[in-house]
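Enquirer: fold the following for me, if possible:
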Amino acid sequence: MTETLHHWAGGAVLKSASDRFGDVTDPATGRVTRRVALASPDEVAAVVDAAVRAFPGWRDTSLTRRTQILFRFRELLNARADELAAIITAEHGKVLSDAAGEVARGQEVVEFACGMPHLLKGSATENASAGIDVHSVRQPLGVVGIISPFNFPAMVPMWFFPIAIAAGNTVVLKPSEKVPSAAQWMAELWREAGLPDGVFNVLHGDGVAVDGLLTHPDVESISFVGSTPIARHVYETGTAHGKRVQALGGAKNHAVVLPDADLDLAADQAVNAGFGSAGERCMAISAVVAVGSAGDPLVEKIRERAEGLRTGDGRRGADMGPLVTRAAQERVSGYIDAGEGAGATLVVDGRTVTPDADGEGFFVGPTLFDHVTPDMSIYTDEIFGPVLSVVRADTYDEAVALINANPYGNGTAIFTNDGGAARRFQNEVQVGMIGINVPVPVPMAYYSFGGWKNSLFGDTHAHGGEGVHFFTRGKVVTTRWVDPAHRGEAGELDLGFPRNG
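Expert: Coordinates of the predicted model:
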């Protein structure tokens, strides 16, 4: 009998009474491995209520105690990271080494959050005015909601919940119903680390769960990562209901390759960034802009590397795994059809791949197009698959103009040995995260992650200093204590606006 995954609330499994369930599939074999409950509105309310009940006690728990639990979670995760990586591969499909890298990048945010006593330090001014002192503090929001995507079942939630929990909030995590097991595993790890019941909760479901969190009066903030249309909906709905929202949307990331670049390095990195995780990354490079004479030799080098990749079950040592669902496979194959029909040169065709896998997995192999133009759907749309498009540009200025005209502004890169060109690029390009000879410029945890334009809705990026501010609100306290020598003396009445001095 297929196992059913239920919600996690108040430190224990909350069995669903709903009659709605979704299938969880192994993408490498096409087999259904378990079912996941899809929450009803009543179940949304029950999970949020568990977080509401836990908040006062956790808010008032000392920073020392909070960070002790966070350190314990870190140690447990380090010891058992392979377990989590195996869960990710089984439900998402990415190869084990990529899944292990995902866990490691999430762990960086846990380690950053272990420094919360320092990060939450306020400021103080003595004698800001005569006999008056001023100090500032930052306090937790309350219950915070996290809505995470299928492509990073561990890392993206860990962008948010370590900081939220360390700052004194309680969390309701709504993972993608396609990859729900990692969230449940982390909930159990938190319990083992000693986190009080109700501080970390997992709500499984689909749009009903999402909209339930967006409209629930006791949820103070929403953190979201996903496609741009849904990000816009999350932002507009959440803010209309009085919530703080950070909604990270889609991307169309470019890598500019100048003629002076090390073309072997550029080709290696284009393959790594375009085909890693089967292209199911918001930071994947999907458009290579080859400038001038770089074009022909670069395309040939990428072709050689792409054709040498082994596609298959991520547990068998393949270079690239499957797409997450049958629908994703069909969607990506449809884009390859469209690119070929629009007149782009199909250099490597991933539709013909023979994967190293059992069953009927959801595979599309590495695909390379050349002579792609900005009017083609393979250029304009976020494909979210292993399709790399090469666009030709005559000059550096043309390449930058192409990037800046794009509605997305998540990540970009330039490959060059010219420091002046690189410095100019980082100044002129209208994108939030920039790599110089680095194809996937995901910042370290102590910096903040997020793009510009239609890649971000809201003002606050993930993790780093911006993440700490997102999950806290500031107070400024102005204090006067009467000198005991003057106690009982009448003051001077003055109805004017108070002045410093």
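Enquirer: tell me how far stretch 43-61 lies from the chain's centre.
Expert: Distance, stretch centre to chain centre, for stretch 43-61: 24 Å (C-alpha atoms, centre = their mean, to the nearest Å).
Enquirer: so what touches that stretch?
Expert: 7, 9-10, 14, 16-18, 37, 39, 66, 139-140, 142-143, 165, 168-172, 196-199, 201-203, 205, 208-209, 212-213, 216, 218-219 (C-beta atoms under 8 Å, 6 or more residues apart in numbering). For the C-beta atoms, the positions are set from N, CA and C on the backbone; glycine is no exception.
Enquirer: hmm, which of those are the buried ones?
Expert: The neighbour-count criterion (16 or more other C-beta atoms under 10 Å) marks 7, 9-10, 14, 16, 18, 37, 39, 66, 140, 142-143, 165, 168-172, 196-199, 201-203, 205, 209, 212-213, 216, 219 among the contacts of stretch 43-61 as buried.
Enquirer: what is the neighbour count of the closest residue to residue 441 other than its chain neighbours?
Expert: Excluding the flanking residues, the one nearest residue 441 by C-beta to C-beta, 6 or more residues apart in numbering is residue 435, at 3.5 Å. By other C-beta atoms under 10 Å, 23 other residues sit near residue 435.
Enquirer: ok so residue 435 is a strand residue?
Expert: Yes. With DSSP: H, G, I helix; E, B strand; the rest coil as the criterion, residue 435 is located in a strand.
Enquirer: show me what the stretch of helix or strand residue 424 belongs to is packed up against.
Expert: Element membership for residue 424 (DSSP states H and E) is helix 419-428. Where contact means 3 or more C-beta pairs under 8 Å, 6 or more residues apart in numbering; DSSP states H and E, helix 419-428 is packed against helix 396-405, strand 411-415, strand 433-436.
Enquirer: pick the most buried one from the ones you listed.
Expert: strand 411-415 (a mean of 29; mean count of other C-beta atoms under 10 Å).
Enquirer: quick one: contacts of that strand?
Expert: The contact list for strand 411-415, computed with C-beta under 8 Å, 6+ apart, reads 251, 253-258, 261-262, 265-266, 269, 273, 282-283, 285, 403, 421-422, 425, 429, 431-442, 451.
Enquirer: roughly how far does residue 362 sit from residue 322?
Expert: Distance, residue 362 to residue 322, by C-beta to C-beta, to the nearest Å: 4 Å.
Enquirer: revised request: answer the last question for residue 38.
Expert: The value you get for residue 38 to residue 322, if C-beta to C-beta is used, is 24 Å.
Enquirer: show me which of these two is the more surrounded one.
Expert: residue 322 (29 against 19).
Enquirer: contacting residues around the more buried one?
Expert: 27-28, 93, 278, 311, 313-314, 329, 355, 357, 361-363.
Enquirer: quick one, domains of this structure?
Expert: 3-249+455-474, 253-436 (automatic domain parsing).
Enquirer: how about those domains in JSON lines, adding distance to residue 498 and mean pLDDT?
Expert: Output for the domains of the chain, formatted as JSON lines (distance: least, C-beta to C-beta, whole Å; pLDDT from 0 to 100):
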{"stretch": "domain 3-249+455-474", "distance to residue 498": "8", "mean pLDDT": "97"}
{"stretch": "domain 253-436", "distance to residue 498": "42", "mean pLDDT": "97"}
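Enquirer: as a markdown table, the ones you listed with distance to residue 483 would be great.
Expert: Output for the domains of the chain, formatted as a markdown table (distance: least, C-beta to C-beta, whole Å):
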| stretch | distance to residue 483 |
| --- | --- |
| domain 3-249+455-474 | 7 |
| domain 253-436 | 52 |
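Enquirer: still on that earlier bit, quick check: neighbours shared by residue 362 and residue 322?
Expert: Common neighbours of residue 362 and residue 322 (C-beta under 8 Å, 6+ apart) are 27, 93, 329.
Enquirer: what's the distance between residue 72 and residue 195?
Expert: 9 Å.
Enquirer: what about these two, which has more around it?
Expert: Comparing residue 72 with residue 195 by other C-beta under 10 Å, the one with more neighbours is residue 195, at 23 against 16.
Enquirer: for that one, which non-adjacent residue is spatially closest?
Expert: Residue nearest to residue 195 in three dimensions, not counting chain neighbours: residue 69, with 5.4 Å by C-beta to C-beta, 6+ apart.
Enquirer: mind listing what's buried along the helix or strand where that neighbour lies?
Expert: Using DSSP H and E, the element containing residue 69 is helix 63-79. Buried residues in helix 63-79, counted by 16+ other C-beta under 10 Å: 63, 66-67, 69-70, 72-74, 76-77.
Enquirer: reformat those residues into a markdown table and put distance to residue 231 next to each item.
Expert: Putting those into a markdown table (distance: C-beta to C-beta, whole Å) gives the following:
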| residue | distance to residue 231 |
| --- | --- |
| 63 | 33 |
| 66 | 30 |
| 67 | 32 |
| 69 | 31 |
| 70 | 28 |
| 72 | 34 |
| 73 | 28 |
| 74 | 30 |
| 76 | 32 |
| 77 | 28 |
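Enquirer: quick one, what contacts the nearest residue to residue 197 once chain neighbours are set aside?
Expert: Distances taken as C-beta to C-beta, 6+ apart place residue 11 nearest to residue 197, at 3.0 Å, with adjacent residues excluded. With contact taken as C-beta under 8 Å, 6+ apart, residue 11 is in contact with 191, 196-198.
Enquirer: these: which two are farthest apart?
Expert: Within the contacts of residue 11, two members stand farthest from each other by C-beta to C-beta: 191 and 198, at 10.8 Å.
Enquirer: quick one: distance of stretch 194-210 to the chain centre.
Expert: On C-alpha atoms, centre = their mean, the centre of stretch 194-210 falls 18 Å from the chain's centre.
Enquirer: try stretch 241-250
Expert: The answer for stretch 241-250 is 13 Å, by C-alpha atoms, centre = their mean.
Enquirer: ok, stretch 443-456 next?
Expert: Stretch 443-456 sits 9 Å away from the centroid of its parent chain (C-alpha atoms, centre = their mean).
Enquirer: do stretch 64-80 as well
Expert: 22 Å.
Enquirer: list the contacts of it.
Expert: 58, 84, 103, 107, 110-111, 113-114, 116-117, 162, 165-166, 168, 189-190, 192-195.
Enquirer: using CSV, list the CA coordinates for the host helix or strand of residue 266.
Expert: Using DSSP H and E, residue 266 sits in helix 263-275. Listed next in CSV are the C-alpha coordinates belonging to helix 263-275 (Å, rounded to 0.1, in the frame of the first residue of the first chain):
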residue,chain,number,x,y,z
LEU,A,263,36.5,29.9,-24.3
ASP,A,264,37.2,26.5,-22.7
LEU,A,265,36.3,28.0,-19.3
ALA,A,266,33.2,29.7,-20.8
ALA,A,267,32.1,26.5,-22.5
ASP,A,268,32.6,24.4,-19.3
GLN,A,269,30.6,26.9,-17.3
ALA,A,270,27.8,27.3,-19.9
VAL,A,271,27.3,23.5,-19.8
ASN,A,272,27.4,23.4,-16.0
ALA,A,273,25.0,26.3,-15.6
GLY,A,274,22.7,25.4,-18.4
PHE,A,275,22.3,21.7,-17.8
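Enquirer: partner strands of the helix or strand following it and their direction?
Expert: Next along the chain after helix 263-275, taking DSSP H and E as the criterion, comes strand 285-291. Applying DSSP bridges, strand 285-291 is found paired with strand 253-257 (parallel), strand 387-393 (parallel).
Enquirer: so the first one versus strand 411-415, what angle?
Expert: Orientation of strand 253-257 against strand 411-415 (axes from the mean of the first three to the mean of the last three C-alpha atoms, to 10 degrees) gives an angle of 10 degrees.
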